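*Asks:* Give me coordinates for this.
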Amino acid sequence: MRKLLLMTSLFITTGFVLPVVAPIAAHADSASAVAGKMQTMPDGEAVYRHVCQSCHMPDGKGALGAGAKFPALAGNPKLQSAQYPAYVVLNGFGGMPWFSGLLNDQQVANVVNYIRTHFGNHYPDTLKPEDVSEIRPHLSVEEE
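*Replies:* Below is the predicted model of the structure:
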């Protein structure tokens with residue numbers, strides 16, 4: 001009887017755990033695939049299309065939906081300083097996630113320069129990868 005109860009509980013537990021664990025593992029695999037694909041994408045426009053466009057829209061005018069506001073990049077005065085959008089891309093802000101683990105310094109600089117020179121924005125100064133490196137969050141020994 002104990003063996004039957006043990007086998008039944010194991011079967012039930014496995015039946016409930018596998019449907020939960022399998023999607024998590026699949027998500028981790030897809031996140032790894034996205035990260036790998038991103039490493040080959042240095043162009044700011046390509047990074048924008050693959051990472052930013054789904055929320056900020058193809059025209060950079062942002063969107064509202066599901067209780068969230070995705071701010072417009074088009075004509076946004078907060079882009080006047082190149083460091084501000086770089087900080088937001090790296091660290092996230094409000095509902096926006098951080099991308100410091102997905103994008104390297106060159107990609108962040110490229111996408112920031114792209115949004116600052118498109119969508120009606122005309123900011124002539126450019127952000128360099130070295131500038132991004134100074135903004136990038138660095139883990140301390142305690143956080144590792």
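*Asks:* what about the spatially closest residue to Val88 that is not a sequence neighbour, how many neighbours?
*Replies:* Closest residue to Val88 apart from its sequence neighbours, by C-beta to C-beta, 6 or more residues apart in numbering: Met96 at 6.5 Å. The C-beta positions use only the backbone N, C-alpha and C, and glycine is treated the same way. Counted by other C-beta atoms under 10 Å, the residues lying close to Met96 total 16.
*Asks:* what's the spacing between Met96 and Asp125?
*Replies:* 23 Å (C-beta to C-beta, to the nearest Å).
*Asks:* following the lowest-mean-pLDDT helix or strand in the chain, which helix or strand comes up?
*Replies:* Within the chain, no helix or strand scores below helix 2-38, which has a mean of 51 by mean pLDDT, DSSP states H and E. Remark: after helix 2-38, the chain's next helix or strand is helix 44-47, criterion DSSP states H and E.
*Asks:* What residues sit buried inside that next one?
*Replies:* For helix 44-47, a neighbour-count test (16 or more other C-beta atoms under 10 Å) marks Gly44, Ala46, Val47 as buried.
*Asks:* In a markdown table: those residues, plus distance to Lys69.
*Replies:* A markdown table is the format used below for these (distance: C-beta to C-beta, whole Å):
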| residue | distance to Lys69 |
| --- | --- |
| Gly44 | 24 |
| Ala46 | 25 |
| Val47 | 22 |
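*Asks:* ok, those vs Asp131, which is closest?
*Replies:* Gly44 (14.4 Å; C-beta to C-beta).
*Asks:* measure the closest one to Ala86 for me?
*Replies:* Gly44 is 12 Å from Ala86, by C-beta to C-beta.
*Asks:* got any residues that touch both of these two?
*Replies:* Ala109, Val112 (C-beta atoms under 8 Å, 6 or more residues apart in numbering).
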